[in-house]
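Enquirer: Just to be clear, the model below is a prediction. Sequence and coordinates:
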Amino acid sequence: MRLLAAALLIAGAVITAAAPPAAVPVSDAEIMAGSFPAKLSAFGFFADGAKQVPAPGVIPYRLNTPLWSDGAEKLRFAYIPAGQKVRAQGEGLLDLPVGSALIKTFKFGGKLIETRVLLHRTGGWLALPYQWNEEQTEAKLVLAGARLPLVNPAGEAISYAIPNKNQCKECHAAGAEVVPIGPKARNLSARWLVDLAKAGKLDAVPAVARRIPLWEDRAKVPLADAARGYLDVNCAHCHKPNGAASNSGLYLGWEESDPIKLGVMKRPVAAGRGSGKLDYDIVPGDPGHSILFYRMGSLEGGISMPELGRASLDRDGNAMVERWIAGMKR
Amino acid sequence: MRITAPLIAAVSALALAASAHAKTLDVPAGDGAQARLQEALIVAEPGDVVQLGAGRFVLSDGLSLDVRGVTVRGAGMDATVLDFSGQKGAGEGLLVTAHDVTLRDFAVENTKGDGIKSKGANNIVYYRLRVTWTGGPKETNGAYGLYPVSSTGVLVDGCKVSGASDAGIYVGQSKAITVRYNYVEQSVAGIEIENSRDALVTGNLVTRNTGGILVFDLPNLPVMGGGNTLIENNLIVGNDTPNFAPKGNIVASVPRGTGVMVMANDGVGIRGNALVDNPSVQILVVAYPKPYEDKTYNPLPRNVTIGANRIIGGGDDPQFPGGAELAAAFGKPLPPVIWDGVATPTSHSMPDLTEGGPVLSLGLPGPSAGMAAARPDLIRSAAVVAAMPSPSGAPAALNLRARP
C-alpha cells in the first residue's frame, strides 16, 4: 500500500481520488490467455475506468521525458503479477516477468480517447489498442486502428490516429521481438524505483549514472541532455540498430556516441523526398539545413517523422532540437 | 474454407484456435476497406491467403503485414488496385515485416512514401505487382516502388513500376536476390541493387528512367560490402528522363541517360544485355564520390566484368560534368564503357571487357576529384580478366510460389 500511495503522489494531479479501489483483482487469465479480449474491462486494470483509478496491484508511473503524441495527456500504469518481481537491467529496460502488463491511456480535453496495453505472455509481449466509447464507460479493441477527429491542446483540429496492432509493433520492435519502450531505468524516477523495490516488486534498484532529464526541467538542464533525451524517447525506438529504421544507419539512442550514427554530417540513404533537398541529417550550427529537423517540422506523409503517432507539430520539442543543432560546433 | 473479413470476431476465434488448415480470407473492395483489409492482414495465420477482390480499395493509411507465410493475392495487377491517393499516415503503402510472404497480382497507386516495403522479411516473393504514381515522374512521388530491405531471399518477378522518385525496384542491404522479367519506366533509377550481395538481375525491361540499372554500395550503413551481382539479358533502352530525385539522395547524382551504373561493389558482371540509346553513357563504373568517415567501407569498384552486350546508339549526348568536353576530345558517340579511373595498384578497379574494346577512363586522381582534375584517356582492358560473377539469386523454392 505504501508503494501505491507513493505512486499516486508521483502521478500527481492525475489520481487524486483517495477512495479505496474496489477489491476486484486484475484478471491474470486475460493477460495470459491466447486471445485478444474485445473489451478493456476484461482485464480489470481499473477500479474505475472512467476516472482511471487503478485496481489493486496496478501501479501508476511516469517517465522523465515522455513520447510526444499530439499533446495527449498520458496516464501510465504497470501491473506485476502477485509474488513476482521485476528484474533490473542496469540503466536499460526493466525486465517485467511474464504475466505483467503495461497500460497507457491517452486523454484529450479531459476525455479518454484510447488505452494501449502491452501484455507479457508466455510467447512474448503483445500490444493491443483499445478505443474508449463516447460515454467513457468502456474501451473496445481496435485491431485495425482507427482515425478520429479531435482538437489537440494547441487548439488545432487533427485527424488523430489510433495505431493498429502491427503499428504498435513497428515502434515496439527489437529485432523480431516486441518489447516495452518506456520503462527504462534511466527514464524513471529514482524514487519510484526505490518504492518498487521496497514493495518487493523489483529485485534491486539499478544504478543510473546519467538519467534522462525531466521534461519540465528542460530549460534548467544542459541543452544537449534535454535534446538527446527527447530524441531517445521520440525517435530511438525505431532509430536503433535492431529497430524498424535500422537500415537507415541513423541511431538516436541516449547511449549513442558516434556522431555520424547520430546524424552529424551523415547522408540519408532511403529518404526520398524526406530529404527536403538537403544533404545531411544534421549540419552542426545549421538546423535549417538538417534533414532531421526538417522532417520533425513536416506534417506530410512520406516526410514527417516519426512516421506514426503524430498529426501535429511538437513546437516545444522542435524548438529545443533546433537550439541544440544551432549550438553544435561546426 | 473461406471467410469474409468483416466477421472479425469469428475470424479472431478461428485464428487463435491454431487451425491446421490454411484458409482464405476474402476481402472485397468497397466501404471500410481500410479496416477490413488491415484486420485481415492482422488475423491471418501462417499459410493463409488474403484474397483481395477486384476493384479499387480506397485507403487512408498505410497497411502492414506481420504474419509469416501469408499470401496476399489480388485479382490481377490491373483489376485490384490499392489506392493511397488519400493516404494520411505511414511511410509506405504496404509494409511487410514477416518471413516467407508472397505478394501477387495487385496494384498500389499514389502512396505518400514508398509503394511496398518489406524489411527483415526473408524469402519474400513480389510477383506481378504494379506500383505507380499516376501523375507521371514528379519529385513529390514516393521514393521506391518495390522496396525489399535487410532480407535474405528476395524474388521480384513480373512486376511493373513507374514514377518512383528514387528507384522503381530497390533492393537494399540484402542477400540471395533475383529481380527478373520486370518492366520499370519513368523512375529515377529503374532497378537499384544497393549494399547487397548475390543478386541476379535478368530479363527486365527498363526504359525512360534517368538511369536503367544501378549497382551501388554506400558507406555508414549497417550492411556494406555489396557485390557478386550479375546484370544479364536485360533490355536497357532509352533511359532519358531528366533526373527528378530530390537532392540529398544518392540517385540525384545519376546522369540523365545512363544505362548501367556501378558504384563501388566487389564483383559485378554485365553481359547479354541490349543497351540501346542511353544518351549519356551505356555503362558507367565509378568510385563513391563523396567524402565519408567509415574505416570499414571500400569506395572503389572492384572486379567489374563486362561481357558481350548488344550496344546500339547511346553516348551521343553526355549529360554529366565534363561530358561536352569529352565529346569534343573523343568524338561522339563516346565509347560505351566509361570509368572514372580511380584505383589503387591492387584494387582491380578498371572494368574488364571480355570482348575487348577500349574503356574511356576519366583518369580522376581520387574519388572526390572534380572533372577539372580529369586526365581522360582510352585504355585497353587488362590482360587478366576477373571471373564473371555467378550469383545463385533467390532460392529456388521462391520460384514455386510465383509459378506453382
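Expert: On my side now, so go ahead.

Enquirer: got a list of what the closest residue to chain B within chain A touches?
Expert: Of all residues in chain A, the one sitting closest to chain B is residue A:272 (2.5 Å; CB to the nearest CB). C-beta here means a position set from N, CA and C on the backbone, and glycine is covered the same way. Listed by CB atoms under 8 Å, 6 or more residues apart in numbering or on different chains, the contact set of residue A:272 reads A:302, B:113-114, B:142-144, B:165-166, B:246, B:249.

Enquirer: next structured bit after the lowest-mean-pLDDT helix or strand in chain A?
Expert: Least confident helix or strand of chain A, by mean pLDDT, DSSP states H and E, is helix A:2-11 with a mean of 46. Scanning forward in sequence from helix A:2-11 by DSSP states H and E, the next helix or strand is helix A:28-32.

Enquirer: Pull the residues that contact that following helix.
Expert: For helix A:28-32, using CB under 8 Å, 6+ apart, the contacting residues are A:37, A:42-44, A:79, A:81, A:98-101, A:119-122.

Enquirer: can we see that at 6 Å?
Expert: A:37, A:42-43, A:81, A:99, A:101, A:119, A:121 (CB atoms under 6 Å, 6 or more residues apart in numbering or on different chains).

Enquirer: can you list those residues in a markdown table and add secondary structure and pLDDT?
Expert: Putting these into a markdown table (DSSP: H, G, I helix; E, B strand; the rest coil; pLDDT from 0 to 100) gives the following:
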| residue | secondary structure | pLDDT |
| --- | --- | --- |
| A:37 | coil | 96 |
| A:42 | helix | 97 |
| A:43 | helix | 97 |
| A:81 | coil | 96 |
| A:99 | coil | 97 |
| A:101 | strand | 98 |
| A:119 | strand | 97 |
| A:121 | strand | 97 |
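
Enquirer: Report the buried members of those.
Expert: A:37, A:42-43, A:81, A:99, A:101, A:119 (16 or more other CB atoms under 10 Å in any protein chain shown).

Enquirer: any idea which of these is the one closest to residue B:56?
Expert: residue A:37 (34.5 Å; CB to CB).

Enquirer: Excluding chain neighbours, what is closest to that closest one?
Expert: residue A:30 (5.3 Å; CB to CB, 6 or more residues apart in numbering or on different chains).

Enquirer: Over to residue B:324: give its phi and psi.
Expert: phi -60, psi -40 (degrees, to the nearest 10).

Enquirer: Repeat that for the one 4 residues further on.
Expert: Comment: the main-chain dihedrals of residue B:328 come out as phi -70, psi -40, following degrees, to the nearest 10.

Enquirer: pLDDT score for the residue of chain A closest to chain B?
Expert: Looking at residue A:272, its pLDDT is 85.

Enquirer: And it, how far from residue B:395?
Expert: 30 Å (CB to CB, to the nearest Å).

Enquirer: Tell me where the stretch 151-300 of chain A has helices.
Expert: Secondary structure of the stretch 151-300 of chain A (DSSP state H, counting those that start in this stretch): helices at A:165-172, A:190-198, A:223-235, A:291-296.

Enquirer: elements contacting the third one?
Expert: For helix A:223-235, the packing partners by 3 or more CB pairs under 6 Å, 6 or more residues apart in numbering or on different chains; DSSP states H and E come out as helix A:315-326.

Enquirer: buried residues in the helix it packs on?
Expert: A:317-318, A:320-322, A:324-325.

Enquirer: and those as CSV, adding pLDDT and distance to chain B?
Expert: Output for the buried residues of helix A:315-326, formatted as CSV (pLDDT from 0 to 100; distance: CB to the nearest CB, whole Å):
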residue, pLDDT, distance to chain B
A:317, 97, 19
A:318, 97, 19
A:320, 97, 24
A:321, 98, 19
A:322, 98, 19
A:324, 98, 21
A:325, 98, 16
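
Enquirer: related to what we said a few turns ago, ok, the residue of chain A closest to chain B to residue A:248 distance?
Expert: The value you get for residue A:272 to residue A:248, if CB to CB is used, is 12 Å.

Enquirer: Residue A:62 too?
Expert: Counting by CB to CB, the gap from residue A:62 to residue A:248 is 30 Å.

Enquirer: Got the confidence number for residue A:14?
Expert: 41.

Enquirer: Can you pull the residues of chain B lying near chain A?
Expert: By the rule CB under 6 Å from any CB of the partner chain, the part of chain B lying against chain A is B:12, B:16, B:35, B:38-39, B:42, B:64, B:66, B:87-91, B:112-113, B:142-143, B:149-150, B:165-166, B:173, B:220-222, B:246-249, B:293.

Enquirer: Just the buried residues of those.
Expert: B:12, B:35, B:38-39, B:42, B:64, B:66, B:87-91, B:112-113, B:142-143, B:149-150, B:165-166, B:173, B:220-221, B:246, B:248-249.
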